[in-house]
Every structure is written in structure tokens, then in C-alpha cells.
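> Just need the structure, nothing else, for what follows:
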Amino acid sequence: MSLPPGRRDWRACTMARAADLAYKDEATVEATARAWGLDRVRHHRTRFTPPFPLQDTQAYTIASNEMIITGFRGTEHAQIRDWLSDVATPPRPGPASTGYIHYGFGEALDSVFPAVEAALREFRDNDQSVWFTGHSLGGALAMLAGCRIYLEALRLQADGIYTFGQPHTCDRLLTASCNKSFKDRLHRYVNNNDDVPQLPPEPVYTHVDTLHYIDSTGCIRSAMPALATLGDRLKGATADLLAPVGDGLRDHSITRYITAMEKNLI
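So this is what the prediction gives:
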């Protein structure tokens, strides 16, 4: 599955589907990768024991002669909200001691990073393009993995890092480094009233500059005035008041992100 050059919407759609694939079982990952033309696969999984709030960290790396994708799995909405709302969680130094990151994200990435790095070293034998992607917690890990590969490990600047519903991940020093180092290679998508990207609360943690906002009609906007964004979020929140779950939960679903990516294909 090669990516058409210069077609960012195609890339975003591909990466959203790859982020969703991280939620699947190993057999499905392998079968889907083969269908996409990426016939080399490595699975990365680590289990935790209490009191760490996650049960495990899960990711995969798939490759062809043209490209390599590493996708990180997210976690349940309620679990990540509870975790990110815990103000007692301390920060820890970021990649290459650049700024600070959320402690839980650092621990989760540490558990699989050696395997991810090893897979990239093994698979990148033809100067393939390299892509990181993830949804929710997976988006935070994708961003940090891209930073570590560039700053600490292979000195490899990923061709693209795509995150969907990513929470606040790091402080302003690391985001400034990302803004400078990755520029138009780092893409953060937020769907209307998805509430996870607002956690943990600022000012300790923040986001990179790049934002692709999905409005209440499903259109992707790279820039939108604050007042217009507020009105659009209100529109989205009141669109279905009888829905069994809140708008923040509905909008966080990776399925909604994929739907929006497909709608905006050009």
C-alpha cells in the first residue's frame, strides 16, 4: 500500500485505518498488512502489573519495500479520562531530556520502544519511508516514538506522524522542539467535541502547533477562528441530545475519525 505523493488526505485516511488496526488481534493485523502489500510484521506487547493504570501496551510494525508503519493502540475512553485527570501524576524528562512528558506515557512507551526500534532497524533495508500513527493514548505514543527515534535512537526523521484524538502529551519545550524538527510532518486530528485532546489540563502539558480540526459536519479544517470553533462545537453537542452517550465520547471514536477521513478524500 503506497501513499500517493502530495495527497495528504489519502495519507490521513491510510493512517487513520492503520491506527484502528492497532486495536485488532495479531491474526487480523497480519492478514490486513498482507492485503495492504506490507508482508513483514512484528508485534509489540508488554503487560503491566498494578498499581500501573494500564494493563498493557500494544503496537505493531509492518513493512514493505516502500514503507514502514508503526501503529500504537489506544485505550478505553473512561480509563484514559480517569488516568489523565489525576493531577498527582508527575511529569518525567522527555526524549533526549528535552522538556517533560506525562509519566504514564513515558512508562508505556518505554515498555515497547526497544522492540519498535529493533523492528525499524530490521525492516528499513531499502530506504523506506517511515510512518507513526495512533488514536487516543496511541496518538501520544506515536508522537513520542517519533521523537525518540529522531532524538535518541536512529536519528531518523519520520516521514509522517499522524495522531487522532491525542491527549496533551508534553510540555512547551518538547512541543517547541517538535514544531521545529517535524514541521509539516506531524499531523494532529481532533474531531469536534472529542474531550480527550483537552486532557490533562493545561498549562503543564500542551499540544504541537499543527491541528486539523474536524467540524460538526465532518469537514477537515486546518484553521478556524476560536469563536467559530466554539459555535461549531456547540452545534455538534446539541445535534443529538437523545443519544445514549455524550458527544465527547462519540466524537472520540476512531470510527468517526475514519469516516471523516474518507469523507474528505480528494
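
> What's the first helix or strand after the helix or strand containing residue 101?
Assigned by DSSP states H and E, residue 101 belongs to strand 100-102. With elements assigned by DSSP H and E, the helix or strand that comes after strand 100-102 is helix 103-123.

> Which strands or helices does whichever helix or strand comes after that following helix pack on?
Counting by DSSP H and E, the next helix or strand C-terminal to helix 103-123 is strand 129-135. In terms of contacts (3 or more C-beta pairs under 8 Å, 6 or more residues apart in numbering; DSSP states H and E), strand 129-135 is packed against helix 8-21, strand 67-72, helix 137-151, strand 160-164. Where C-beta positions appear, they are placed from N, C-alpha and C, glycine not excepted.

> now the next helix or strand after the first one, how far from the chain's geometric center?
Following helix 8-21 in sequence order, the next helix or strand is helix 26-35 (DSSP H and E). Average the C-alpha atoms of helix 26-35, do the same for its chain, and the two points are 20 Å apart (C-alpha atoms, centre = their mean, to the nearest Å).

> Output stretch 70-88 as PDB - backbone C-alpha positions only.
Provided in PDB are the C-alpha atoms of stretch 70-88 (Å, rounded to 0.1, in the frame of the first residue of the first chain):
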ATOM      1  CA  THR A  70       4.200   1.600  13.300                       C
ATOM      2  CA  GLY A  71       0.800   1.800  14.900                       C
ATOM      3  CA  PHE A  72       0.100   2.100  18.600                       C
ATOM      4  CA  ARG A  73      -3.100   1.000  20.300                       C
ATOM      5  CA  GLY A  74      -5.200   3.400  22.400                       C
ATOM      6  CA  THR A  75      -7.300   2.500  25.400                       C
ATOM      7  CA  GLU A  76     -10.800   2.800  26.700                       C
ATOM      8  CA  HIS A  77     -12.300   6.200  26.900                       C
ATOM      9  CA  ALA A  78     -13.200   6.000  30.600                       C
ATOM     10  CA  GLN A  79      -9.800   4.600  31.500                       C
ATOM     11  CA  ILE A  80      -7.800   7.300  29.800                       C
ATOM     12  CA  ARG A  81     -10.000  10.100  31.200                       C
ATOM     13  CA  ASP A  82      -9.500   8.900  34.700                       C
ATOM     14  CA  TRP A  83      -5.800   8.500  34.200                       C
ATOM     15  CA  LEU A  84      -5.300  11.900  32.600                       C
ATOM     16  CA  SER A  85      -7.500  13.700  35.200                       C
ATOM     17  CA  ASP A  86      -5.200  12.500  38.000                       C
ATOM     18  CA  VAL A  87      -3.300  15.700  38.900                       C
ATOM     19  CA  ALA A  88      -1.000  13.800  41.100                       C
END
